[in-house]
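Participant: this is a predicted model, with the sequence first.
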Amino acid sequence: MEISTEQIKQIVENVNPSALNSDGLIEEGALDSLDIVTLVADFEEAVGASIDVSYITPENFSSIEAMAAFLKKAQGEN
């Protein structure tokens with residue numbers, strides 16, 4: 001199942017509501033390592049597939065758009 005940008009925003013908001021007010025989610029410290037672990041678990045549940053550890057990089061969690069892009073790539077591999 002493909003995940004939409006709106007679904008990604010909702011998941012991020014559920015994990016850390018203040019993160020959506022940040023331009024650089026990682027650079028500005030809006031997301032920490034625990035948030036990222038939680039996001040990965042929530043994304044896996046939403047798409048119904050595992051996310052390879054190679055996708056868990058700061059660049060892939062730097063913005064909603066970056067998350068959407070890596071999730072699309074990850075889903076293409078499953």
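Facilitator: Great, that's in hand.
Participant: how about the secondary structure of the closest residue in space to Glu59 that isn't next to it in sequence?
Facilitator: Sequence neighbours aside, Ala66 is the residue nearest to Glu59 in space, at 6.4 Å (criterion: Cβ to Cβ, 6 or more residues apart in numbering). To be clear about C-beta, it is placed using only N, CA and C from the backbone, and glycine gets the same treatment. Classification of Ala66 using DSSP: H, G, I helix; E, B strand; the rest coil returns helix.
Participant: so what's the residue count around Ala66?
Facilitator: Using other Cβ atoms under 10 Å, Ala66 is surrounded by 17 other residues.
Participant: what do you get for Thr57?
Facilitator: By other Cβ under 10 Å, the residues close to Thr57 number 13.
Participant: now it: how far from Met1?
Facilitator: From Thr57 across to Met1, the span is 23 Å (Cβ to Cβ, to the nearest Å).
Participant: go on, Leu34?
Facilitator: Applying Cβ to Cβ, the value for Leu34 to Met1 is 26 Å.
Participant: before we move on, back to that, and the residue nearest to Glu59, what pLDDT?
Facilitator: Ala66 is assigned 93 on the pLDDT scale.
Participant: with Glu77 instead?
Facilitator: Here the pLDDT value assigned to Glu77 is 63.
Participant: cool, Asp23 as well?
Facilitator: Reported pLDDT at Asp23 in the predicted model: 71.
Participant: do you know how far the closest residue to it other than its chain neighbours is from Phe70?
Facilitator: Distances taken as Cβ to Cβ, 6+ apart put Ser63 closest to Asp23, at 7.8 Å, once the chain neighbours are dropped. Look at Ser63 and Phe70: by Cβ to Cβ, they are 11 Å apart.
Participant: what residues are up against the residue positioned nearest the centre of the chain?
Facilitator: When Cα atoms, centre = their mean is applied to the chain, the residue found nearest the centroid is Met67 (4.5 Å). Met67 makes contact with 8, 12, 39, 43, 60-61 under the criterion Cβ atoms under 8 Å, 6 or more residues apart in numbering.
Participant: if I look at Asp42, how far off is Asp52?
Facilitator: From Asp42 over to Asp52 the distance is 16 Å, taken as Cβ to Cβ.
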